[in-house]
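In: sequence and predicted structure below; questions after.
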Amino acid sequence: MDTAKNRRQQTMKSHRCGELNLAHCGCMVELAGWVQRRRDHGGLIFVDLRDRFGVVQVVFNPEIDKAAFLAAEKLRNEFVVAVKGQVIKRLPGMENPNLATGEIEVAAHSLEVLSESKPLPFQLDRAEDVDESLRLRYRYLDLRRPEMQRNLILRHRTCQAVRNYFNEHDFLEIETPMLTRSTPEGARDYLVPSRLHPGAFYALPQSPQLFKQLLMVSGLERYYQIVRCFRDEDLRADRQPEFTQIDVEMSFTDREEIIHIIEGMIRRVFRETIGLEVQPPFPRLTYREAMDKYGSDKPDLRFGLPIVDISSVVANSGFKVFSQAIAKGGVVRGLNVKGGGSLPRREIDLLANVVTEAGAAGLAWGIVEAGGELRSSIAKFLSAEEVAGILNAMAAEPGDLLCWVAAPLAVAATALGRLRLYLGEKLNLIDRNSWQFVWIVDWPLLEWNPEERRYEALHHPFTSPHPDDVELLVTDPGKARAQAYDLVLNGIELGGGSIRIHRREVQEKMFKALGMSNEEAYARFGFLLDAFDYGPPPHGGIAFGLDRLVMLLAGRDSIRDCIAFPKTQSAMDLLTQAPAQVAASQLRELHIRTVAEAPVQK
RNA sequence: GGAGCCGUGGUGUAGUCGGUUUAACACGCAGCCCUGUCAAGGCUGAGAUCGCGGGUUCGAGUCCCGUCGGUUCCGCCA
């Protein structure tokens, strides 16, 4: 049995609040923590004492110790106290089944107030409802809540599982610079002015991409890092200006090995954090399949509602909206909302907004009636064969709501993809207890940017084309597939990576496809190209969003809940009030003059 | 850059459509009572000129314009 004598947890504690149970009965214990709540009955005072490890009820009884009792009368919420007392079994009927320590309580023999607290700006037990800006301003108080501590603990355990896993597989954790060089492409950089080099700037890394490739050139072969990355772009619930990646790179490898290694990591993380056994190998979809069937490159597979193409059925239809869209090279696709025929008309009308916001001209729809006929405003334009063909293609049954979009391929896919998500949410089709992993493979290598009238790398310029598609880089760049892969979980992109280009002639073709001369490429990435002149091994890797992974493990909707000190949507830190103005002397030293109207502090 | 939602004592909300009363309720807070509570209970009390600025009006928490902050989404971003 544990006693204060043979085990002392922390200098000021013999035990942790949350660990006490019937086995400790009779022990004299020394506890320390925060007053979660005080219940003063006049002649008897109960205090729920909280530390990181749990809560225990302490009873102050004047018959046991008068001084402790009198001191307890002055306690307020969130005072920090040290208590000595005896663990006793609660009287029959007085147990609290809602408390892990609810079978016992601690009869206080002494009480010392270690520090006092003003009333909190918000009640910790109601913080879920409190305006988030207040929680962020007093983040250190918000983080006292067990729910928040649970998220941070989950994050810690995730990191430990990741490190243990990679360490056991001969990976080396290597740090890369935070002050580095701005490279074009990708996101906006956070810049850091140089004092020693007037007018020059470092950039904070968007990711350690180039460094980890250099480490492969160096022959480290297996690298990982849990690393902070910075992107100065607009924020979302799952995007912060600084975020953490699990970054991985391997030499002498291929896509299959990387996927296999990562599936092992995921399995390890889920097992050691939430005790869930996920079952690799995870299913795979090509990018094309994902876009065609789910209208998204990160499909949520927790529900069905697939997109169905009916172009061939209506290509020659008398309904010009359909036939002309196809004549112009577009498609007609739809969703079969099972049983959706009973939706109120108002709800159905709202669906049109979803697709028009995605660029579609409108939404056509119809309801399958009991007899199997189609009730729709467009039915009169369709032949009997066409109706039969549509019903057959969409596996329609009486009571179903059928929705169609006629548009260019990309627009139709995105519009129906969003409609699918909207309906999945609205009709409660999503199984909240399910974990649907999927690898998206065979990404396009390049993407046409109509404004700049050139191709851009979908992933980044060092992504290797599919071995069969190298020549396409020259003949038809838009058709080339990349050796890239993303892992998606429940409709959220967890991570992505690729096999990299390690041969000079392929890299040059890539730059050419991107409309970049060798001189330009050298000016931008010279250090990497130089390195690749000295025996670069074939290599590839992947990077994961740690914040998103922990968010999903914690069952939260925002990564802010899994970051100790996050920023707001406008990238403010409400706790420190960063970013802030700096002294004019600091700017002078950095050779910086600001054109902003806001005054600079003297 | 754009769209939606939110901003009323310390906290969460009601009041906003239909303009005018001592701005209501719950939690918290303070004092008193209370020896078995655990969202303790009872009594008493303090505390908000309604994010900020301007406008309309006899009169604005309420209507209009602007602005600030938060949030969700689109654009943007691996």
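Out: Yes, it's here.

In: which SS class is the residue lying closest to residue A:101 once chain neighbours are set aside?
Out: Closest residue to residue A:101 apart from its sequence neighbours, by C-beta to C-beta, 6 or more residues apart in numbering: residue A:56 at 4.4 Å. C-beta: built from backbone N, CA, C; applies to glycine. Here residue A:56 is recorded as strand under DSSP: H, G, I helix; E, B strand; the rest coil.

In: and the gap between residue A:56 and residue A:309?
Out: Look at residue A:56 and residue A:309: by C-beta to C-beta, to the nearest Å, they are 62 Å apart.

In: and if you look at residue A:162?
Out: From residue A:162 to residue A:309 the distance is 41 Å (C-beta to C-beta).

In: and the pLDDT at the nearest residue to residue A:213 once chain neighbours are set aside?
Out: Distance criterion C-beta to C-beta, 6+ apart; nearest residue to residue A:213, sequence neighbours excluded, is residue A:500 at 6.0 Å. Predicted confidence (pLDDT) for residue A:500: 97.

In: what is the neighbour count of residue A:500?
Out: 25 (other C-beta atoms under 10 Å).

In: could you do residue A:485 as well?
Out: The number of residues packed near residue A:485 is 24, by other C-beta under 10 Å.

In: got it, and residue A:333?
Out: Neighbours of residue A:333 using other C-beta under 10 Å come to 23.

In: do you know how far it is from RNA strand B?
Out: The gap separating residue A:333 from RNA strand B is 18 Å, by C-beta to the nearest atom of the strand, to the nearest Å.

In: could you list every residue that touches that residue?
Out: A:307-311, A:404-405, A:412-413, A:416 (C-beta atoms under 8 Å, 6 or more residues apart in numbering).

In: ok, and which of the residues you listed reach RNA strand B?
Out: Filtering the contacts of residue A:333 for neighbours of RNA strand B using C-beta under 7 Å from any atom of the strand leaves an empty set.

In: and which of those is nearest RNA strand B?
Out: Comparing these against RNA strand B with C-beta to the nearest atom of the strand picks out residue A:413 as the nearest, at 12.2 Å.

In: Three-state assignment for that closest one, please.
Out: helix.

In: more neighbours: residue A:56 and residue A:309, which one.
Out: Per other C-beta under 10 Å, whichever of residue A:56 and residue A:309 has more neighbours is residue A:56, with 32 against 16.

In: wait, doesn't that one sit right on residue A:106?
Out: Yes - here residue A:56 reaches residue A:106: they are 5.9 Å apart, a contact under C-beta atoms under 8 Å.

In: find the residues that touch each one of these two.
Out: Counting by C-beta under 8 Å, 6+ apart, the shared contacts of residue A:56 and residue A:106 are A:20, A:31, A:49.

In: gap between the residue nearest to residue A:101 and residue A:50?
Out: Relative to residue A:50, residue A:56 is positioned 8 Å away (C-beta to C-beta).

In: joint contacts of the two?
Out: Taking C-beta under 8 Å, 6+ apart as the criterion, residue A:56 and residue A:50 both touch residue A:17.

In: just the closest residue of the stretch 51-200 of chain A to RNA strand B, please.
Out: Here the residue of the stretch 51-200 of chain A nearest RNA strand B is residue A:186; by C-beta to the nearest atom of the strand that distance is 2.7 Å.

In: residue A:196 versus that residue, what's the distance?
Out: For residue A:186 relative to residue A:196 (C-beta to C-beta), the value is 27 Å.

In: tell me which of those two has more neighbours.
Out: Per other C-beta under 10 Å, whichever of residue A:186 and residue A:196 has more neighbours is residue A:186, with 16 against 6.

In: residues in contact with the more buried one?
Out: Going by C-beta under 8 Å, 6+ apart, residue A:186 touches A:206, A:231, A:460.

In: and which of the residues you listed is nearest RNA strand B?
Out: Comparing these against RNA strand B with C-beta to the nearest atom of the strand places residue A:231 closest, at 4.4 Å.

In: okay, and the residue nearest to the closest one when sequence neighbours are not counted sits in which element?
Out: Excluding its sequence neighbours, the residue lying closest to residue A:231 (C-beta to C-beta, 6+ apart) is residue A:187, at 3.9 Å. Following DSSP states H and E, one finds residue A:187 outside all helices and strands.

In: low-confidence stretches in the stretch 501-602 of chain A?
Out: Residues of the stretch 501-602 of chain A meeting the criterion pLDDT under 70: A:596-602.

In: can you list the residues of it near RNA strand B?
Out: Within the stretch 501-602 of chain A, the positions near RNA strand B by C-beta under 7 Å from any atom of the strand are A:543, A:558, A:560, A:568-570, A:572, A:574.

In: quick check on those residues: which are buried?
Out: Using 16 or more other C-beta atoms under 10 Å as the burial test, these include A:543, A:560, A:574 as buried.

In: in JSON lines: the residues you listed, plus secondary structure.
Out: JSON lines is the format used below for these (three-state DSSP):
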{"residue": "A:543", "secondary structure": "strand"}
{"residue": "A:560", "secondary structure": "helix"}
{"residue": "A:574", "secondary structure": "coil"}
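
In: quick check, nearest of these to residue A:347?
Out: Relative to residue A:347, the closest of these is residue A:560; by C-beta to C-beta it sits at 31.7 Å.

In: without its sequence neighbours, what residue ends up closest to that closest one?
Out: Spatial nearest neighbour of residue A:560, excluding adjacent residues (C-beta to C-beta, 6+ apart): residue A:566 at 4.0 Å.

In: residues in contact with residue A:158?
Out: A:269, A:273, A:546, A:549-550, A:553.

In: now do 6 Å
Out: Going by C-beta atoms under 6 Å, 6 or more residues apart in numbering, residue A:158 touches A:269, A:273, A:550.

In: again with residue A:9
Out: By C-beta under 6 Å, 6+ apart, the contact set of residue A:9 is A:15-16.

In: against residue A:365, how distant is the residue nearest to residue A:231?
Out: Per C-beta to C-beta, residue A:187 is found 39 Å from residue A:365.

In: one step back: which ones among the contacts of residue A:186 also lie next to RNA strand B?
Out: A:206, A:231.

In: including distance to residue A:479 and pLDDT, could the contacts of residue A:186 go into a markdown table?
Out: Below are those laid out as a markdown table (distance: C-beta to C-beta, whole Å; pLDDT from 0 to 100):
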| residue | distance to residue A:479 | pLDDT |
| --- | --- | --- |
| A:206 | 28 | 95 |
| A:231 | 30 | 95 |
| A:460 | 19 | 89 |
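
In: can I get the contacts of residue A:186 in a markdown table with secondary structure and neighbour count?
Out: Formatted as a markdown table, those follow (DSSP: H, G, I helix; E, B strand; the rest coil; neighbours: other C-beta atoms under 10 Å):
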| residue | secondary structure | neighbour count |
| --- | --- | --- |
| A:206 | coil | 22 |
| A:231 | coil | 20 |
| A:460 | coil | 18 |
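
In: pLDDT below threshold where in chain A?
Out: Scanning chain A for pLDDT under 70 picks out A:1-7, A:596-602.

In: so what's the gap between the lengthiest helix in chain A and the chain middle?
Out: Taking DSSP state H as the criterion, chain A has its longest helix at helix A:146-168. Computed by C-alpha atoms, centre = their mean, to the nearest Å, the chain-centroid distance of helix A:146-168 equals 15 Å.

In: buried set for that helix?
Out: Within helix A:146-168, the residues that qualify as buried are A:148, A:151-152, A:154-155, A:157-159, A:161-162, A:165-166, counting by 16+ other C-beta under 10 Å.

In: make sure residue A:537 is indeed in a strand.
Out: No - applying three-state DSSP, one finds residue A:537 to be coil, outside a strand.

In: what is the burial count for it?
Out: Neighbours of residue A:537 using other C-beta under 10 Å come to 15.

In: what's the answer for residue A:177, then?
Out: A count of nearby residues for residue A:177, using other C-beta under 10 Å, gives 11.

In: and residue A:473, by the same measure?
Out: 22.

In: same check on residue A:534?
Out: Residues near residue A:534, counting by other C-beta under 10 Å, number 8.

In: with the one 5 residues further on instead?
Out: When counting by other C-beta under 10 Å, one arrives at 24 neighbours for residue A:539.
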